[in-house]
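Engineer: Here's my sequence, what's the structure:
(2 chains)
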Amino acid sequence: DIQMTQSPSSLSASVGDTVTITCRASQTVDTYLNWYQQNPGKAPKLLIYDASTLQGGVPSRFSASGSGTDFSLTISNLQPEDSATYFCQHSYNFPHTFGQGTKLEIK
Amino acid sequence: EVQLVESGGGVVQPGGSLRLSCAGSGFTFDDYSLHWVRQVPGKGLEWVSVISGDGLWIFYADSVKGRFTISRDNSKKSLYLQMNSLRTEDTALYHCAKKRCAGTGRCSGMDVWGHGTTVTVSS
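Structural biologist: Numbers count the residues shown, from 1 in each chain, chains lettered A, B, ... in the order given. This is a model prediction of the structure:
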């Protein structure tokens, strides 16, 4: 199985800041990499698919890049509503493993 | 509106069984593969199983293989997860989720999620 490792596990930033979350796969997943945002008590929401493609309706301050084993999610001009936990997940083969999550706090 | 709604969760003793259901609406149900994903409260997401739109191919996580069975009834626009030989570590919120693209081709992402149904395995 492909293991997904995210870092950091948590971070704190201020409104207007830019933050980056990284995700590393234990073997190549090509660009079959997704990012999800999850607020407490809510279902995950797809933000990014195919490593860098923004899902419809997602603000353009979210961006992502990477291929192979190393990926990143960048959130620019942080807003209060960006406070959430972010998960990466690969869709290269089964099981579609998730990273352990990164909890983002807005100060 | 595209929607998935889970039901069937509850409290069950170790070794017991439970059947979860997921009702879909707002999309051509049998065109899409569907997944089950679970989450221990306060913890991460664990992919559990997937079934193709026609029900012909199925995959499971090793942690549930041989104990859980995924199925679907396209005439009822419903997805199921039969869970047998339940263990305390199966306690979680179970979500169903829709593959972003129709068909069985490689496609990244789950774009619609249900709110989940809670399974508690406890004596």
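
Engineer: Next one, pLDDT for A:M4 please.
Structural biologist: Note on A:M4: pLDDT of 98.

Engineer: Okay, and the beta partners of it?
Structural biologist: Beta-bridge pairing of A:M4 under DSSP bridges involves A:A25.

Engineer: show me what contacts it?
Structural biologist: A:23-26, A:88-90, A:97-100 (Cβ atoms under 8 Å, 6 or more residues apart in numbering or on different chains). (Glycine included, C-beta is placed from N, CA and C.)

Engineer: just B:G16 next, same as before
Structural biologist: B:86, B:121.

Engineer: redo that, cut-off 10 Å
Structural biologist: By Cβ atoms under 10 Å, 6 or more residues apart in numbering or on different chains, B:G16 lies in contact with B:10, B:83-86, B:121, B:123.

Engineer: now the contacts of A:M4: which count as buried?
Structural biologist: A:23-25, A:88-90, A:97-100 (16 or more other Cβ atoms under 10 Å in any protein chain shown).

Engineer: Let me have these in JSON lines, extended by secondary structure and pLDDT.
Structural biologist: JSON lines is the format used below for those (DSSP: H, G, I helix; E, B strand; the rest coil; pLDDT from 0 to 100):
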{"residue": "A:C23", "secondary structure": "strand", "pLDDT": "98"}
{"residue": "A:R24", "secondary structure": "strand", "pLDDT": "98"}
{"residue": "A:A25", "secondary structure": "strand", "pLDDT": "98"}
{"residue": "A:C88", "secondary structure": "strand", "pLDDT": "98"}
{"residue": "A:Q89", "secondary structure": "strand", "pLDDT": "98"}
{"residue": "A:H90", "secondary structure": "strand", "pLDDT": "98"}
{"residue": "A:T97", "secondary structure": "coil", "pLDDT": "97"}
{"residue": "A:F98", "secondary structure": "strand", "pLDDT": "98"}
{"residue": "A:G99", "secondary structure": "coil", "pLDDT": "98"}
{"residue": "A:Q100", "secondary structure": "coil", "pLDDT": "97"}
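
Engineer: Among the contacts of A:M4, pick out the one closest to A:D70, please.
Structural biologist: Proximity of these to A:D70 (Cβ to Cβ) peaks at A:R24, which lies at 5.6 Å.

Engineer: got any ranges where chain B has weak pLDDT?
Structural biologist: Flagging of chain B using pLDDT under 70 yields an empty set of residue ranges.

Engineer: just to confirm, which helix or strand has the residue nearest in space to the middle of chain A in it?
Structural biologist: Centrality entry for chain A: nearest residue to the mean C-alpha point is A:W35, 3.8 Å, by Cα atoms, centre = their mean. Element membership for A:W35, per DSSP states H and E: strand A:33-38.

Engineer: sorry, back to before: hmm, the residue nearest to the centre of chain A is touching A:I21, no?
Structural biologist: Yes. In this structure, A:W35 is within contact of A:I21 by Cβ atoms under 10 Å, at 8.1 Å.

Engineer: Report the separation between the residue positioned nearest the centre of chain B and A:R24.
Structural biologist: The centroid of chain B falls nearest to B:W36 when counting by Cα atoms, centre = their mean (2.6 Å). Distance from B:W36 to A:R24, counting by Cβ to Cβ, to the nearest Å: 26 Å.

Engineer: And stretch B:18-36, how far out from the chain middle?
Structural biologist: Distance of stretch B:18-36 from its chain centroid, counting by Cα atoms, centre = their mean, to the nearest Å, is 8 Å.

Engineer: I'm done for today, thanks for sticking with me.
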